[in-house]
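S.K.: pasted the sequence and its predicted model underneath.
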Amino acid sequence: MTLPGIFMTFDVECSMGGAWGNPSLKPISPRVGMMGEYGDNKLGIPLICDILSRNDLKATFFVEPFNDDLGWPGETEPVVRYLVERGQDVQLHVHPNHVHYGLHQAGKPFKKTDQMADLSREWQAELITRGADLLESWTGTRPIAFRAGNMGASEETLAALTQAGLWIDSSYTFPYVGGQCRFAETERYNGSKWYGEVLEVALSAYRQPRFPGLHPAKPVDLMGSSFEECRDAARLICDAGGDTVAILHSFSLFKVRDHQYSGGKLNRVVTRRFEKFCAWMNAVRAQYPPRTFAELGHLVKNAGYQPRAVPACTINKPLRALVRKAVQGVNNFYWV
C-alpha cells in the first residue's frame, strides 16, 4: 500500500507588472519574477532550491513558459535548465494572459482573460500543447502534470489536457470553487480522484471556524497560512488517507516595492515558514513521504497507486489564525 504523501509545489511565473493598464510599463522578466535577481542576491528559485537541498527534498515547479510573449525572449529556458540541474521536477503552468498579451502587442485578435476555463477547449488544448512542447524542448522530458493560472480550470480544461496528452492536473482547490476555480464539482475534498482519464490532485485546503475576520477556508499556502496551520492541515489530510499538496510561488520569498518589482528584499516571515515546513517534511518523511508529480506518475503506472479523495478538514484554532493574520498585515509593509 502506498502511503499518502506531501507534495511541495511552486507556481513559477512572472507578473504582468501593470502592463495591461499602462502601455509604458513592461511585464516582469523571468530574471526577476522567477529567479529573484537583485544585485548579488538571488531570492527566488535559487534560494528555494537551496532550502530544499538542505532538507534533502525535491519539489514540483509548475513553470509558465510563455515569457517570450511578454517581451523576454530566451529568458525562460535558463530558468528551466537551472531547475533540472538542481534535480527538481518541472511541470506545466499556463496563464493565458501571457499569450494574449503577445497577441495584443502584435495587433492580433485575442480574448482578454487569464482564466483557462473562459477559453474554448480547442484553444486550451493548443496552449497546453505549445507549453508542453516548450518544456520538453528545454528538459528533454515531456511534462505529465498541469496547473492552471489562478486555479482557473474546469472539467473542460481536463478534457483539453487529455487532448494534449497530459494526464495529471492540480488546479482544483475547494476554497476557490464558485469563484476563480471553475470546477462544477459539488464535493469539497482534499486528496486525489480520477476525472475520466485525468488524475486530479487537489491543491490542499482547510476550513476555518466561523469567526469574525476569518475566511471560511484557505489553501495550504505558506504565503497566506502559518507553518503551524500548513503542518496541521497536512497531518489531518494524510492521516485521513489523502495526499497533501502545498503551494508557494517563485516570488514568495521576497518583497517588492511596487508592481514593477523594484527593490526586492527577503521576506523573512514567509522564508522562515518555508524553512520550518521543509525541516518538518524531512523529519516525518517515513510517515508522510515527500513526493513530486513525476514520482506520482511512476507510482500510478508502476506501483499500484490508488487515488483517494477525503473530506475537507477543519483547523479550529481561531486565535492562532487571528495572530497569523495580524503578523501578515504588518509584514505586508515593504519596510518591515
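M.R.: Cool, the structure landed.
S.K.: and the helices in the chain?
M.R.: All helices of the chain, identified by DSSP state H, fall at 30-33, 45-54, 76-85, 96-105, 121-139, 155-164, 227-239, 268-283, 293-302, 318-331.
S.K.: contacting residues for residue 287?
M.R.: Neighbouring residues of residue 287 by C-beta atoms under 8 Å, 6 or more residues apart in numbering: 3, 238. (Glycine included, C-beta is placed from N, CA and C.)
S.K.: so what does it look like in phi/psi?
M.R.: Per-residue torsions, residue 287: phi -90, psi -40 (degrees, to the nearest 10).
S.K.: separation between it and residue 313?
M.R.: Using C-beta to C-beta, to the nearest Å, residue 287 is found at 17 Å from residue 313.
S.K.: thinking again about what came up before, and of the helices of the chain, who's closest to residue 251?
M.R.: Closest to residue 251 of the helices of the chain, according to C-beta to C-beta: helix 30-33, at 5.7 Å.
S.K.: and the closest one, what does it pack onto?
M.R.: Counting contacts by 3 or more C-beta pairs under 8 Å, 6 or more residues apart in numbering; DSSP states H and E, helix 30-33 is packed against helix 76-85.
S.K.: residues of the helix it packs on that come out buried?
M.R.: By neighbour count on 16 or more other C-beta atoms under 10 Å, the buried set for helix 76-85 is 76-77, 79-80, 82-83.
S.K.: likewise stretch 200-210?
M.R.: Neighbour-count burial for stretch 200-210 [16+ other C-beta under 10 Å]: 200-208.
S.K.: quick check: mean pLDDT of it?
M.R.: For stretch 200-210, the per-residue pLDDT values average out at 97.
S.K.: distance between that stretch and the chain's centre?
M.R.: Computed by C-alpha atoms, centre = their mean, to the nearest Å, the chain-centroid distance of stretch 200-210 equals 14 Å.
S.K.: neighbours of the nearest residue to residue 157 once chain neighbours are set aside, how many?
M.R.: Distance criterion C-beta to C-beta, 6 or more residues apart in numbering; nearest residue to residue 157, sequence neighbours excluded, is residue 116 at 5.1 Å. Neighbour count of residue 116, defined by other C-beta atoms under 10 Å: 27.
S.K.: go ahead and confirm residue 116 touches residue 92.
M.R.: No - contact criterion C-beta atoms under 8 Å: residue 116 and residue 92 do not qualify, at 11.6 Å.
S.K.: that older thread, most neighbours per residue, which of the helices of the chain?
M.R.: Neighbour counts (mean count of other C-beta atoms under 10 Å) averaged over each of the helices of the chain peak at helix 30-33, with a mean of 25.
S.K.: what does the average pLDDT come to for that one?
M.R.: Averaging pLDDT along helix 30-33 gives 98.
S.K.: tell me the pLDDT at the residue nearest to residue 157?
M.R.: Residue 116 carries a pLDDT value of 98.
S.K.: cool, and residue 227?
M.R.: Residue 227 carries a pLDDT value of 98.
S.K.: straight-line length of stretch 185-205, end to end?
M.R.: End-to-end distance of stretch 185-205 (C-alpha to C-alpha, to the nearest Å): 15 Å.
S.K.: mind listing what's buried in it?
M.R.: In stretch 185-205, counting by 16+ other C-beta under 10 Å, buried: 185, 188-193, 195, 198-205.
S.K.: how about residue 279: what's its closest non-neighbour residue?
M.R.: Closest to residue 279 by C-beta to C-beta, 6+ apart is residue 55, at 5.9 Å.
S.K.: ignore the last one, residue 71
M.R.: Nearest non-adjacent residue to residue 71, counting by C-beta to C-beta, 6+ apart: residue 26, 5.9 Å away.
S.K.: what about residue 263, distance to residue 245?
M.R.: Note on residue 263: its distance to residue 245, by C-beta to C-beta, is 32 Å.
S.K.: of the two, who's got more company?
M.R.: Taking other C-beta under 10 Å, residue 263 and residue 245 do not tie; residue 245 has more neighbours (29 against 13).
S.K.: isn't the more buried one right up against residue 200?
M.R.: No - in this structure, residue 245 is not within contact of residue 200 by C-beta under 8 Å, at 10.6 Å.
S.K.: shared neighbours, the two?
M.R.: Residues touching both residue 245 and residue 200 (C-beta under 8 Å, 6+ apart) are residue 170.
S.K.: ok, now which ones touch residue 175?
M.R.: Contacts for residue 175 were tallied using C-beta under 8 Å, 6+ apart; they are 205, 215-219.
S.K.: just residue 327 next, same as before
M.R.: For residue 327, the contacting residues are 226, 269, by C-beta under 8 Å, 6+ apart.
S.K.: kind regards, and thank you for your time.
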